[in-house]
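K.L.:
Would you be able to build a 3D model of this:
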Amino acid sequence: MSPCPAPQDSDASTWPAEIVPIIRKAITVEYVSVSRRGLPVMVPVTPYIEDDHGTIDVSTGLTYPAKAERARRNPRVALLFSDPVGSGLQRPPVVLVQGLASVRDADLQANTDRYVRLTMSKLPAAFKGQPKFMLRGLGAYFARIWIEVTPTRILWWPSKALDTEPQEWVPSNAPAATSSDPAPGGHQPPPWLEPPREWRTVARDAIRRLEQRDLAWIGVDGPVAAPITGLAESHDGFKLTLGPHLPERPEGPATLTLHAHPASFTSQENHTFVGEIAWAEDSYVFRVERLLADVSLAGNTLTRSIGFLRKVRRLRPRLQEEAARRGQPVPTVRLPGDR
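P.N.:
Model (predicted):
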């Protein structure tokens, strides 16, 4: 790996200049956290940078907090920037950030205000034309938990082929992420969506249509992820082609994610398979254990809108419960100009 001189502090102003644009402008990043039983769970989310934070931040809904609770138990997480669609950048590098997560849910109203402000600024097309009264009623979606990721190591490659040694950046002083907010009392809510019973049909269709393909596994210092350059169905999962200069050799519990979205981010399709990765003869083989539930929003505008509203309606009863578990009132959705 090619070393990059590292400054004393880890923040956006000191990270290597060539990687900051994709981190700042990417619409999606693969966020990897680790489950209780050591499985790296990878899902695409939207990343945000605010220069005064010095972290790369992602969020999850207050009504579906699993991504945050995994990070609260095990703060070692990873962010893979391998999807440039919608960033406006031509051939940006593939960037892997390994870091320490700090979970923020002690002020749900501030969290919600921040999410409304940032997401409407970054993804304006997703909300264009929506009546304000309807947006104000989407508390089950806009109420957020933030996950702030302090980078401890950054690797980057010129392309998804990973055909050159990555460049590497680490801060000269080991960064110390601030502690997460205290965990709420009571029990974490159960999953709110049922996963598909049969993964093969989904896999066959997704391989044909979805171009964004990534793999996550557990490395020496926590979760690791890399783009997949070749993918084919096998009798019990997938055969994978990966670039020759991986950060670490993939082995053991893993997840494989296929997803796609337009540049406007007015729709999205995501499928996450969990299982195990191993080398077999001449290729990597991913054995599928199951397919996780997904929150894809596909189809025409009407179909997407109906699907989204149905999901929000299903989550609405959880809003009061999750706010109460944190000893706080339900946050109000305040749009730009309301305050």
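K.L.:
And the residue in the chain sticking out farthest from the centre, how far from S35?
P.N.:
Here the chain reaches farthest from its C-alpha mean at E281, the gap being 31.9 Å by CA atoms, centre = their mean. Distance of E281 to S35, given as CB to CB, to the nearest Å: 30 Å. Heads up, the C-betas are built off the backbone N, CA and C, glycines and all.
K.L.:
for the protein, what spans make up the helices?
P.N.:
Under the criterion DSSP state H, the chain contains helices at 20-25, 66-73, 108-122, 132-136, 139-142, 199-209, 301-325.
K.L.:
Pick out the shakiest of those, pLDDT-wise.
P.N.:
Lowest mean pLDDT within the helices of the chain: helix 301-325, a mean of 83.
K.L.:
tell me what that helix is packed against?
P.N.:
helix 139-142 (3 or more CB pairs under 8 Å, 6 or more residues apart in numbering; DSSP states H and E).
K.L.:
hmm, who's touching stretch 324-339?
P.N.:
62, 105-109, 111-113, 116-117, 120, 132, 135-139, 142-143, 184-186, 319-320, 323 (CB atoms under 8 Å, 6 or more residues apart in numbering).
K.L.:
Now list the buried members of those.
P.N.:
Among those, those buried by neighbour count (16 or more other CB atoms under 10 Å) are 62, 105, 108, 111-113, 116, 120, 138-139, 142-143, 184, 319, 323.
K.L.:
Check those residues and tell me the two furthest apart.
P.N.:
Spanning the widest gap among the buried ones among the contacts of stretch 324-339 are M120 and P184, at 27.2 Å by CB to CB.
K.L.:
What's opposite D214 in the beta bridge?
P.N.:
Applying DSSP bridges to D214 gives these bridge partners: P227, T257.
K.L.:
Next: the one 5 residues further on.
P.N.:
Residues in a beta bridge with G219, per DSSP bridges, are G222.
K.L.:
quick revisit: so which of the helices of the chain gets nearest S159?
P.N.:
Per CB to CB, nearest to S159 of the helices of the chain: helix 20-25, 12.3 Å.
K.L.:
list the buried ones in the closest one?
P.N.:
The neighbour-count check on helix 20-25 (16+ other CB under 10 Å) flags 22-25 as buried.
K.L.:
again with stretch 167-174
P.N.:
Under the neighbour-count criterion of 16+ other CB under 10 Å, stretch 167-174 has 167-171 buried.
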